[in-house]
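# quick one, fold the following:
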Amino acid sequence: MLFNSFSFLVFFPLVTLLYYLLPYKSRWALLLLASCVFYCFFIPVYILILLVTIVIDYYAGIYIERSDGPVRKRYLLVSILSTCLVLFIFKYFNFFNSNINVVAAYFHLKYALPLLHVILPIGLSFHTFQSLSYVIEVYLGKQKAEKNFGIYSLYVMFYPQLVAGPIERPQNLLHQFYEKHPFNYEDVTTGLKKMAWGFFKKVVIADRLSIYVSAVYGNHDKHNGTSLLVATFFFGFQIYCDFSGYSDIAIGAARTMGFKLMTNFNRPFYSKNITEFWRRWHISLSTWFNDYMFTPITFAWREKGRYATVWALLIVFAVSGLWHGANWTYILWGLLNGMAIAFELLTKKIRNKLARTVPGWLYKPLSILLTFFYACFTWVFFRSPDLGTAMQILHKIVFVHGPCFVGDRKNMIYSVFFILVLLVIDTIKEYRLFNNFSLFDHSSLLVRRLSYVVIVIMILLFGVFDNNQFIYFQF
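I've put the predicted structure just below:
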């Protein structure tokens, strides 16, 4: 079920109302049923795939906790390999199979394994990482194995963050399903405000920008570098508003029922370097890779010094790129981010010295702009269907310029205007201007209520309601 659909408009208040009407002990069952219904709005039969991973990791957690010595590690490996195998079959088999075919043909080897004709289940990468975090935490002794199969299933299936995160850790979410959440006016209003802001970013900004971005990137051979550059900048704001908008709606929907999900975005466009950017962008994924891949690799290679960190960064970001999609464009996108962070690590002393010599009023905004430009450069690969197309687009951006394609002039004006609205609001929040002024939380009841009315009117008047999927659903 899409958040930006009529179905969700009925589903959300109904589930929330029933949640508070039911006794505490029955609420988890309602949420599990509602989550199954939510997921079945996509491809119903694929819920069986999710059930397979749930069963594997549920029992793996119990057996890991009961076992000692090498046996525990075997159960962990069985769980990891089984869960990842499901992801590999549906998401990566055809990619690796096609590349092996190319290599085999080059060396005149016989290799004729057919491609699989399957559709990637919605949000499978998110389910996989959330399940893996559970068994790893149980193995490390940081989380008790969950004995209630229904509660564990709800941990994986919880509808607000079911298909696109945030990727929660068991320590943060599991215990909340056992807690009593009495109706709390502040939780409900806080959640609804978060959802409203998320819907604004999704349907008013992201979906409006996607009209221009799709028109230009979908016909890149017919557009010059100026139009492609504008489309690339627009895509940067589109993907941010699309994904952070989803996260806001998810966090808000959970909060209306008293659940607290982790923050997933923290105004990444105000980052002064790529390292900081990844501490602010998709935080649940960044911390997942840091805890379960980067830290173990650097620990294993600790005798190699900072070069171990460089190699770990490249490996982790290559895997991060592959996590986003089975395409060389995603892998290169990941590597470009990893190389940027490695460069920042190796040049830290030089950059710190430069920061002391250049006036702060100049150095900081330039750093923010350069970071944004570099992120946009990497997103050319993220948005392009293949490496050849990405290189053609970059070539045009650098060498081929002309009048900018405008398309629907009204849509262009609205797009630029709402980007500026977003930047103004985020700038006020980032730098705590006007005593951390906030319309939604203003001390005046009149101002608060007017702000609610205004954002709802803006969503209804300027929102694009064509049931556009969230970009990160494909991952």
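# surely residue 247 and residue 197 touch.
No: the pair residue 247 and residue 197 does not pass the contact test of CB atoms under 8 Å, sitting 10.7 Å apart. Placement of C-beta: from N, CA and C, glycine included.
# could you find the closest non-adjacent residue to residue 210?
Distances taken as CB to CB, 6 or more residues apart in numbering put residue 238 closest to residue 210, at 5.6 Å, once the chain neighbours are dropped.
# dump the residue contacts of that neighbour.
By CB atoms under 8 Å, 6 or more residues apart in numbering, the contact set of residue 238 is 205-206, 209-210, 213, 471.
# return the subset of the residues you listed lying in helices.
Counting by DSSP state H, the part of the contacts of residue 238 found in helices is 209-210, 213.
# now tabulate the contacts of residue 238 in CSV and tack on neighbour count.
Formatted as CSV, the entries for the contacts of residue 238 read as follows, by neighbours: other CB atoms under 10 Å:
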residue, neighbour count
205, 27
206, 29
209, 29
210, 22
213, 22
471, 19
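# which parts of the stretch 1-150 of the chain are helices?
In the stretch 1-150 of the chain, the segments counted as helices under DSSP state H, counting those that start in this stretch are 6-21, 27-40, 47-66, 70-87, 93-106, 124-139, 149-157.
# got it, and the stretch 151-300 of the chain?
Taking DSSP H, counting those that start in this stretch, the helices of the stretch 151-300 of the chain run over residues 170-173, 185-199, 207-217, 225-255, 274-280, 283-289, 295-300.
# let's have the ones you listed in CSV, adding mean pLDDT and distance to residue 312.
Supplementary listing: these in CSV, determined by pLDDT from 0 to 100; distance: least, CB to CB, whole Å:
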stretch, mean pLDDT, distance to residue 312
helix 170-173, 94, 24
helix 185-199, 93, 34
helix 207-217, 94, 33
helix 225-255, 95, 25
helix 274-280, 96, 14
helix 283-289, 95, 10
helix 295-300, 90, 4
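# any idea which of the ones you listed gets closest to residue 163?
Residue 163 lies closest to helix 225-255 among the helices of the stretch 151-300 of the chain, at 8.7 Å (CB to CB).
# just the angle between that closest one and helix 6-21, please?
With axes from the mean of the first three to the mean of the last three CA atoms, to 10 degrees as the basis, helix 225-255 and helix 6-21 are set at 20 degrees to each other.
# now do helix 225-255 against helix 207-217, angle only.
The directions of helix 225-255 and helix 207-217 differ by 150 degrees, with the same axes, to 10 degrees as the criterion.
# next one: helix 225-255 to chain centre, how far?
Once both centres are worked out by CA atoms, centre = their mean, to the nearest Å, helix 225-255 turns out to sit 10 Å from its chain's centre.
# lowest average pLDDT across the helices of the stretch 1-150 of the chain?
Mean pLDDT per stretch puts helix 93-106 lowest among these, at a mean of 87.
# could you chop this protein up by domain?
Under the assignment automatic domain parsing, the domains of the chain span 6-180, 187-462.
# low-scoring pLDDT stretches of the stretch 251-400 of the chain, where are they?
For the stretch 251-400 of the chain, no stretch has pLDDT under 70.
# quick revisit: for residue 299, find the nearest of the helices of the stretch 1-150 of the chain.
Of the helices of the stretch 1-150 of the chain, the one closest to residue 299 (CB to CB) turns out to be helix 124-139, at 14.7 Å.
# by contact count, what packs against the closest one?
Contacts defined by 3 or more CB pairs under 8 Å, 6 or more residues apart in numbering; DSSP states H and E place helix 124-139 against helix 47-66, helix 70-87, helix 149-157, helix 170-173, helix 283-289, helix 306-324.
# dump those to JSON lines, plus distance to residue 379 and mean neighbour count.
Written out in JSON lines, the entries for the helices and strands packed on helix 124-139 read as follows (distance: least, CB to CB, whole Å; neighbours: other CB atoms under 10 Å):
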{"stretch": "helix 47-66", "distance to residue 379": "30", "mean neighbour count": "19"}
{"stretch": "helix 70-87", "distance to residue 379": "24", "mean neighbour count": "16"}
{"stretch": "helix 149-157", "distance to residue 379": "30", "mean neighbour count": "21"}
{"stretch": "helix 170-173", "distance to residue 379": "30", "mean neighbour count": "18"}
{"stretch": "helix 283-289", "distance to residue 379": "16", "mean neighbour count": "21"}
{"stretch": "helix 306-324", "distance to residue 379": "11", "mean neighbour count": "19"}
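# other SSEs contacting the helix or strand harbouring residue 416?
Residue 416 is part of helix 409-430 when elements are defined by DSSP states H and E. Helices and strands touching helix 409-430, as assessed by 3+ CB pairs under 8 Å, 6+ apart, comprise helix 207-217, helix 225-255, helix 433-436.
# nearest to residue 275, of the ones you listed?
Nearest to residue 275, of the helices and strands packed on helix 409-430 and by CB to CB, is helix 225-255 at 17.9 Å.
# angle of that closest one against helix 409-430?
Comparing the axes of helix 225-255 and helix 409-430 via the same axes, to 10 degrees yields an angle of 60 degrees.
# buried sites along helix 225-255?
225-255 (16 or more other CB atoms under 10 Å).
# tell me what angle that helix forms with helix 185-199.
Relative orientation of helix 225-255 versus helix 185-199 (the same axes, to 10 degrees): 160 degrees.
# rewinding a little: and the helices of the stretch 1-150 of the chain as a markdown table, adding distance to residue 170?
As requested, these are exported to a markdown table (distance: least, CB to CB, whole Å):
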| stretch | distance to residue 170 |
| --- | --- |
| helix 6-21 | 21 |
| helix 27-40 | 15 |
| helix 47-66 | 9 |
| helix 70-87 | 14 |
| helix 93-106 | 29 |
| helix 124-139 | 5 |
| helix 149-157 | 7 |
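# and residue 429, which of those helices is closest to it?
helix 6-21 (25.9 Å).
# output the contacting helices and strands for the closest one.
The criterion is 3+ CB pairs under 8 Å, 6+ apart, and the helices and strands that helix 6-21 contacts are helix 27-40.
# closest to residue 415 out of the helices and strands packed on helix 409-430?
Of the helices and strands packed on helix 409-430, nearest to residue 415 by CB to CB is helix 207-217, at 5.3 Å.
# what's the distance between that closest one and the middle of its chain?
Averaging C-alpha coordinates over helix 207-217 and over its chain gives two centres that are 20 Å apart (CA atoms, centre = their mean).
# distance check, residue 318 against residue 293.
Using CB to CB, to the nearest Å, residue 318 is found at 11 Å from residue 293.
# ok, residue 455 next?
Where residue 293 is concerned, residue 455 sits at a distance of 39 Å (CB to CB).
# which residues does the residue nearest to residue 249 when sequence neighbours are not counted contact?
Ranked by CB to CB, 6+ apart and with sequence neighbours excluded, the top spatial neighbour of residue 249 is residue 198, at 3.8 Å. The neighbourhood of residue 198, defined by CB under 8 Å, 6+ apart, consists of 3, 244-252.
# from these, which is closest to residue 116?
Using CB to CB, the shortest approach to residue 116 within the contacts of residue 198 belongs to residue 246, at 28.2 Å.
# residue 3 is in contact with that closest one, correct?
Yes: counting by CB under 8 Å, residue 246 touches residue 3, with 6.7 Å between them.
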